[in-house]
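>>> I need the structure of the sequence given here:
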Amino acid sequence: MNLFRLTQKIFKKMTDEDFPQLFGCHYKLRCPALEFVKYICKVLSLDKNITNQVAKLKKDLLQIVNVREFSNEAEFIDPSLSFIIPQVKCSSHFLIIQFNYQFFFITKDDLFKMQ
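Modelled structure (predicted):
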């Protein structure tokens, strides 16, 4: 199944109520299809060799979910809360570092809801 058909299927079959309120999520996830598009495009954009293709793909996928390309809704926002532990001393390397933990939990049932 290609991304266009999968996005259409998610857009038609899933509603805002299909998003549970997840522990560690700092904002309410709205449209499942829109979030799918943003996550897929964010991951694909990590490859700098396909930047133009990803921009075109994102534009086309956003049209399916009725969102404009440069709207605030189309912007990827990391939903995870961060917990920063400053100045942790590493005794074996004599360094002071900072840990940044991100929390985003999802249940197994949520992953298989589309099946």
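>>> neighbours around the nearest residue to residue 15 once chain neighbours are set aside, how many?
Using Cβ to Cβ, 6 or more residues apart in numbering and skipping the chain neighbours, the partner closest in space to residue 15 is residue 32 (7.6 Å). Backbone N, C-alpha and C define where each C-beta goes, glycine included. Neighbourhood size, residue 32 [other Cβ atoms under 10 Å]: 21.
>>> and residue 32, how far from residue 8?
12 Å (Cβ to Cβ, to the nearest Å).
>>> hey, where'd the strands end up in this structure?
For the chain, the strands defined by DSSP state E cover 81-90, 95-103.
>>> quick one: the helices in the chain, in order.
3-13, 32-44, 51-64, 108-111 (DSSP state H).
>>> ranking those by burial, who's on top?
Sort these by mean neighbour count, taking mean count of other Cβ atoms under 10 Å, and helix 32-44 sits at the top with a mean of 18.
>>> that one to helix 51-64, inter-axis angle?
Angle of helix 32-44 versus helix 51-64, following axes from the mean of the first three to the mean of the last three Cα atoms, to 10 degrees, is 180 degrees.
>>> I figured the residue nearest to residue 15 hits residue 12, correct?
No: the pair residue 32 and residue 12 does not pass the contact test of Cβ atoms under 8 Å, sitting 10.6 Å apart.
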